[in-house]
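Chemist: structure for this input, please:
(one chain, ligands or ions: 1)
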Amino acid sequence: MTKKIAVLPGDGIGPEVVAEAVKVLERLRRDFGLKIEMETALVGGTAYEAHKHPLPEATLKLAKQSDAVLLGAVGGTQWDTLPRELRPEKALLGLRAELKLFANLRPAILYPQLASASTLKPEVVAGLDLLIVRELTGDIYFGEPRGVRTLANGERQGFNTMAYAEHEVERVTRVAFEAARKRRKKLCSVDKANVLETSGLWREVVIRVARDYPDVELSHMHVDNAAMQLVRAPKQFDVIVTGNIFGDILSDEASMLTGSIGMLPSASLDAANKGMYEPIHGSAPDIAGKGIANPLATILSAAMMLRYTLSEPSLADSIERAVSKVLDRGLRTGDIHTDGMRKVGTAEMGNAVVAALEK
Ligand code: NAD
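Modeler: Below you'll find the model as predicted:
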């Protein structure tokens, strides 16, 4: 059956990098039997300019009707003074909430060819391949009550509520176990169970769910230790599952281990594995329009889409192999360029990946 993909390029370098991922998908459709149709819509600041809203009705409708969403990036300084609910970034939160995307998958992969891009020693990170599964719709970011109140002594106090219901923990844990099954079969659940009741329950639920996955080795780690272990010996991890706030911080830390924001894809999934796929970087206004942005994070996001939503793991492998081959040949965009390598622009990098695709 033909699957529908909503293509939302967004702002800044978004359209430039998405165009290259679309070229890759087009080639797979033409020559590799991938059954997809793609439809493009506005999102973010460009949508605001056209429709006075960063997530117009038509875009949301298209996203809901599609099997997957491929998103570039949103945002730009010209929209930073708009009321909060009209800012481009609000479109992302709207899409996540409306599509009920509760599981955020962020791989941190360091291609051996790029080991020198990391700030850590090459032997610590070369060949790093870990996946962080972050819960995306609960935790202290959404818990009630929240606000700023005035105490009896007249001083103001800010407060938020960390809260997780069992079903919220269970569903994201299952996504993480399923992902671990497709990888090296190791899952580490990160919490703060020594201090927080929320984490105590989190751990209890994870242990309960683990009974359904006896083939996956489960471990637990406190978040402070996890933050330390990620820079000390990151290759000990295969899949990490954690709550929203811990995952927010740890996934940024993990992405920086690779030293190249232009290389990292992400997926946000719902209960039926429908997903939104996007690079982890933003709209990079400083380089937008120059044709020099690295399109590989977006191309690798398309590979994740094939793996997790379209059930085409071998085509996902083909994309990842093509990226690796292009790096082997020494092609580098500016953000990952080192001495002796050939500097290329966005389109040349995309074309090289398209040409390197093999079954
Ligand atoms: P950014 O990720 O856009 O850029 C950070 C730095 O990395 C910049 O120097 C940029 O040139 C570089 N960079 C990013 N992607 C690159 C790529 N593919 N190739 C080469 N270099 C790349 O983060 P920022 O500067 O903090 O934010 C810029 C705008 O993007 C803001 O409006 C922000 O709100 C928005 N933003 C959007 C998303 C998203 O759409 N998911 C995520 C983060 C930030």
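
Chemist: any chance you could map the helices in this protein?
Modeler: Secondary structure of the chain by DSSP state H: the helices cover 14-31, 45-51, 57-65, 89-98, 122-125, 166-181, 197-210, 223-232, 244-258, 296-308, 313-328, 346-356.

Chemist: can you give me the distance of the residue in the stretch 251-359 of the chain that the ligand sits nearest to to residue 123?
Modeler: Residue of the stretch 251-359 of the chain nearest the ligand, by CB to the nearest ligand atom: residue 282 (2.4 Å). In short, each C-beta sits where N, CA and C put it, glycine included. Distance of residue 282 to residue 123, computed by CB to CB, to the nearest Å: 31 Å.

Chemist: between those two, which one's more packed in?
Modeler: The neighbour count for residue 282 versus residue 123, taken as other CB atoms under 10 Å, is higher for residue 282 (19 against 9).

Chemist: what's the spacing between that one and residue 119?
Modeler: For residue 282 relative to residue 119 (CB to CB), the value is 20 Å.

Chemist: remind me which residues of this structure are low pLDDT?
Modeler: For the chain, no stretch has pLDDT under 70.

Chemist: can you pull up the most central residue in it?
Modeler: In the chain, the centroid-proximal residue (CA atoms, centre = their mean) is residue 266; its distance is 2.0 Å.

Chemist: residues from the protein in reach of the ligand?
Modeler: 13, 17, 73-76, 89, 92, 261-262, 278, 281-287, 293-294, 297, 335 (CB under 6 Å from any ligand atom).

Chemist: could you rerun that using 5 Å?
Modeler: Contact residues (CB under 5 Å from any ligand atom) of the chain with the ligand: 73-75, 261-262, 281-284, 286-287, 293-294, 335.

Chemist: contacting residues around the residue in the stretch 1-150 of the chain that the ligand sits nearest to?
Modeler: Nearest residue of the stretch 1-150 of the chain to the ligand: residue 75, at 2.4 Å (CB to the nearest ligand atom). Contacts of residue 75 were listed using CB atoms under 8 Å, 6 or more residues apart in numbering, and they are 11-12, 44-45, 87-89, 282-283, 285.

Chemist: hang on, residue 185 packs against residue 218?
Modeler: No. Assessed by CB atoms under 8 Å, residue 185 is found out of contact with residue 218, at 10.1 Å.

Chemist: between those two, which one's more packed in?
Modeler: Neighbour totals were compared for residue 185 and residue 218, and residue 218 leads with 19 against 14 (other CB under 10 Å).

Chemist: give me the distance between that one and residue 190.
Modeler: With distances taken as CB to CB, residue 218 is found 12 Å from residue 190.

Chemist: nearest to residue 347 among the contacts of residue 75?
Modeler: Nearest to residue 347 out of these is residue 12 (CB to CB; 16.4 Å).

Chemist: now for the closest one: which residues touch it?
Modeler: Residues in contact with residue 12 (CB under 8 Å, 6+ apart) are 73, 75-76, 282-285, 288.

Chemist: could you list the domains of the chain?
Modeler: Domain ranges of the chain: 1-102+270-359, 111-262, per automatic domain parsing.

Chemist: quick check, distance from the longest one to the centre of its chain.
Modeler: Spelled out, that is domain 1-102+270-359. The chain centre lies 11 Å from the centre of domain 1-102+270-359; the measure is CA atoms, centre = their mean, to the nearest Å.
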